[in-house]
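In: Need the 3D shape of this:
(chains A, B, C and D)
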Number of protein chains: 2
Amino acid sequence: MSENKPRVLIVEDESDIRRFVRMALESEGYEAYEADTLKRGLIEAGTRRPELVMLDLGLPDGDGVDFIRELRAWTGIPVIVLSARGAESDKIGALDAGADDYLVKPFGAGELLARVRAQFRRHAYADSGESLVSFGDVRIDLARRLVERNGQPLHLTPIEYRLLTFLVAQPDRVITHRQLLTKVWGPSHLEDLHYVRVHMANLRKKIERDPSMPKHVLTESGIGYRFVL
Amino acid sequence: MSENKPRVLIVEDESDIRRFVRMALESEGYEAYEADTLKRGLIEAGTRRPELVMLDLGLPDGDGVDFIRELRAWTGIPVIVLSARGAESDKIGALDAGADDYLVKPFGAGELLARVRAQFRRHAYADSGESLVSFGDVRIDLARRLVERNGQPLHLTPIEYRLLTFLVAQPDRVITHRQLLTKVWGPSHLEDLHYVRVHMANLRKKIERDPSMPKHVLTESGIGYRFVL
DNA sequence: CCCGATTTTTACGGTTTCTTGATACGGGTA
DNA sequence: TACCCGTATCAAGAAACCGTAAAAATCGGG
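Out: Numbering: from 1, shown residues only, chains lettered A, B, ... in the order given. Just a heads-up that it's a prediction; the model follows:
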């Protein structure tokens, strides 16, 4: 191997889209591998060891959600889901199963590359493993369970703190309502969607400069939220 | 012993991970010892006297939490727990039992080393730690087990003294009720939360200028307390 | 065995946090 | 434009949590 390009696996049955995605990725210096079935995709993932997977949910030979589950059994590499317009529930299922982001067809090359870059950034960041995180004018000391804003201690309630740390642990990633409810309130509160709304609003009031124009806790309508640094 | 490298004990049953961790540590100048069972780990800890232990929670021959408890019976050396993805409750149990930090598999070498360095930094500080601490108008002489306020001797009961020193040892950090109960009353009193309340109130009466507006022993509702100098 | 010191219980009022429901907002669509 | 859906916001009531005093039990030294 002469160079050390980041490797991306494309799992997609339509050859047009496959080619489009490959071209976009290669133009930015990524190495692209292709698979046209889920089965083949899992094999390629195991042998090529890509740093990122782009997965079409509408493949004929099985459920994309199962693909993600199998992949997640042995690796945490980011998965970006490509979904057809309107296949909302599939998308959410995929995110719940461990996908990291999604793109709705049709999408442009610029949009695609931006998402890909975000995932690579996130993964590099997650490995650096400091217990100090900061964004905007907020600093979090995870080891001490301490949050401050502009140097002043910022008091968060237990739920607010759990929400924030869960979000911060995976920036740039779409987090579903379901994931938030299970992680913060426990699996028995999957129907209490309004809890999330209320507490998210309270959290925003404390950490965003302008809570009505949030810059870090973004809402993904119909799906959940996304945290960006 | 020709050199004086810091010693780290790895307690882990999977040989791949063991080797990975050892390589990472040795590349940074640590001396690494290995054990593949908890039993063996305890023996090695006793003979090698490491400055740090890396412990996999999922060992076949027993509960990692018990390992930590046994270790804590005779030493306070830092323990970093290696836990499998999603074993949230194990993680908490381990921290309560006295672990100092945790890493979620899979983790990278950079992340691992950052955590290890953090522990050595912290421990070095704690060891060199003056045996004289002071805050507000209180001075504590840890070596002589003596406390005074405004120059006057201040009498603390055994429990109050243990509470205070435990808090003072980790300023700024939130300390959970569980931690206080295990450290001060022992692990069999995890349900006696009211003990903490009563004795904390008594302690505040003795060390705070205005016990109703505490400036050093702050309460974190729903979590525990936080000591600030 | 007695006494003072300490710890454990108990009880209750005050505070913080969470839940709940009502209401307003805002982007998309017919 | 008017409507619909999901979202944000607010404030109340409920629940959980905390501080405190004081009584009861326990401990330890003489």
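In: Give me the neighbour count for the residue in chain A positioned nearest to DNA strand C.
Out: Proximity of chain A to DNA strand C (CB to the nearest atom of the strand) peaks at residue A:157, 3.0 Å away. All C-beta atoms are positioned from the backbone trio N, CA, C, and that covers glycine. As a burial measure, residue A:157 scores 16 neighbours (other CB atoms under 10 Å in any protein chain shown).
In: Over to residue A:114?
Out: There are 11 residues near residue A:114, going by other CB under 10 Å.
In: And it, how far from residue A:120?
Out: 11 Å (CB to CB, to the nearest Å).
In: likewise residue A:182?
Out: 27 Å.
In: One more: residue A:211?
Out: Residue A:211 sits 30 Å away from residue A:120, going by CB to CB.
In: which of these two has more neighbours?
Out: residue A:120 (17 against 14).
In: Just the angle for the helix or strand hosting the more buried one relative to helix B:109-128, thanks.
Out: Taking DSSP states H and E as the definition, residue A:120 sits inside helix A:109-128. In terms of direction (axes from the mean of the first three to the mean of the last three CA atoms, to 10 degrees), helix A:109-128 departs from helix B:109-128 by 30 degrees.
In: Would you mind writing the CA trace of helix A:109-128 as PDB?
Out: The C-alpha trace of helix A:109-128 is given here as PDB (Å, rounded to 0.1, in the frame of the first residue of the first chain):
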ATOM      1  CA  ALA A 109     -21.800  15.600  -3.500                       C
ATOM      2  CA  GLY A 110     -21.200  18.600  -1.200                       C
ATOM      3  CA  GLU A 111     -23.700  17.500   1.400                       C
ATOM      4  CA  LEU A 112     -22.300  13.900   1.200                       C
ATOM      5  CA  LEU A 113     -18.700  15.000   1.800                       C
ATOM      6  CA  ALA A 114     -19.600  17.300   4.600                       C
ATOM      7  CA  ARG A 115     -21.300  14.400   6.500                       C
ATOM      8  CA  VAL A 116     -18.400  12.100   5.800                       C
ATOM      9  CA  ARG A 117     -15.900  14.600   7.100                       C
ATOM     10  CA  ALA A 118     -18.000  15.100  10.200                       C
ATOM     11  CA  GLN A 119     -17.900  11.400  11.000                       C
ATOM     12  CA  PHE A 120     -14.200  11.200  10.500                       C
ATOM     13  CA  ARG A 121     -13.700  14.200  12.800                       C
ATOM     14  CA  ARG A 122     -16.000  12.600  15.400                       C
ATOM     15  CA  HIS A 123     -14.100   9.300  15.400                       C
ATOM     16  CA  ALA A 124     -10.700  10.900  15.800                       C
ATOM     17  CA  TYR A 125     -12.100  13.000  18.600                       C
ATOM     18  CA  ALA A 126     -13.600  10.100  20.400                       C
ATOM     19  CA  ASP A 127     -10.300   8.300  20.600                       C
ATOM     20  CA  SER A 128      -8.400  11.200  22.100                       C
END
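In: Contacts only, for residue A:161.
Out: A:145, A:147 (CB atoms under 8 Å, 6 or more residues apart in numbering or on different chains).
In: what about it, which helix or strand?
Out: helix A:158-168.
In: what's the following helix or strand after that helix?
Out: Downstream of helix A:158-168, the first helix or strand assigned by DSSP H and E is strand A:174-176.
In: in its sheet, what does that next one sit against?
Out: strand A:224-227 (antiparallel) (DSSP bridges).
In: for the partner strand, what is the average pLDDT?
Out: Mean per-residue pLDDT for strand A:224-227: 96.
In: How far off centre is that strand?
Out: 9 Å (CA atoms, centre = their mean, to the nearest Å).
In: Buried residues of it, list them for me.
Out: A:224, A:225, A:226, A:227 (16 or more other CB atoms under 10 Å in any protein chain shown).
In: Next up, the contacts around the residue of chain A closest to DNA strand C.
Out: A:202, B:221, B:222.
In: does the residue lying closest to residue A:156 once chain neighbours are set aside count as helix, strand or coil?
Out: If the residues on either side of it in the chain are set aside, residue A:156 comes closest to residue A:147, at 5.6 Å by CB to CB, 6 or more residues apart in numbering or on different chains. The local conformation at residue A:147, judged by DSSP: H, G, I helix; E, B strand; the rest coil, is strand.
In: mind listing the strands for chain A?
Out: A:7-11, A:31-35, A:52-56, A:79-83, A:101-104, A:132-135, A:138-141, A:146-149, A:152-153, A:174-176, A:217-220, A:224-227 (DSSP state E).
In: any chance of those in TSV, with distance to residue B:51 too?
Out: As requested, the strands of chain A are exported to TSV (distance: least, CB to CB, whole Å):
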stretch	distance to residue B:51
strand A:7-11	39
strand A:31-35	42
strand A:52-56	38
strand A:79-83	40
strand A:101-104	42
strand A:132-135	23
strand A:138-141	24
strand A:146-149	26
strand A:152-153	33
strand A:174-176	38
strand A:217-220	40
strand A:224-227	36
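In: Can you name the residues of chain A that neighbour DNA strand C?
Out: Counting by CB under 7 Å from any atom of the strand, chain A comes close to DNA strand C at A:155, A:157, A:158, A:159, A:160, A:185, A:192, A:194, A:195, A:198, A:199.
In: Select from those the one having the most neighbours.
Out: Most surrounded of the residues of chain A next to DNA strand C: other CB under 10 Å gives residue A:160, at 20 neighbours.
In: tell me, how many neighbours does residue A:53 end up with?
Out: Neighbours of residue A:53 (other CB under 10 Å): 27.
In: That one and residue A:76 touch, don't they?
Out: No - between residue A:53 and residue A:76 there is no contact under CB atoms under 8 Å: 11.3 Å.
In: May I ask you to confirm that residue A:139 is in contact with residue A:153?
Out: No - judged on CB under 8 Å, residue A:139 makes no contact with residue A:153 at a distance of 10.3 Å.
In: tell me the domain boundaries of chain A?
Out: Chain A is divided into the following domains under automatic domain parsing: A:2-126, A:132-227.
In: got a markdown table for those, with distance to residue B:207 too?
Out: A markdown table is the format used below for these (distance: least, CB to CB, whole Å):
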| stretch | distance to residue B:207 |
| --- | --- |
| domain A:2-126 | 41 |
| domain A:132-227 | 20 |
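In: what's the overlap in contacts for residue A:139 and residue A:153?
Out: Common neighbours of residue A:139 and residue A:153 (CB under 8 Å, 6+ apart) are residue A:147.
In: Just give the number of residues close to residue A:165.
Out: Using other CB under 10 Å, the number of residues around residue A:165 comes to 17.
In: So what's the residue count around residue A:190?
Out: Neighbours of residue A:190 (other CB under 10 Å): 12.
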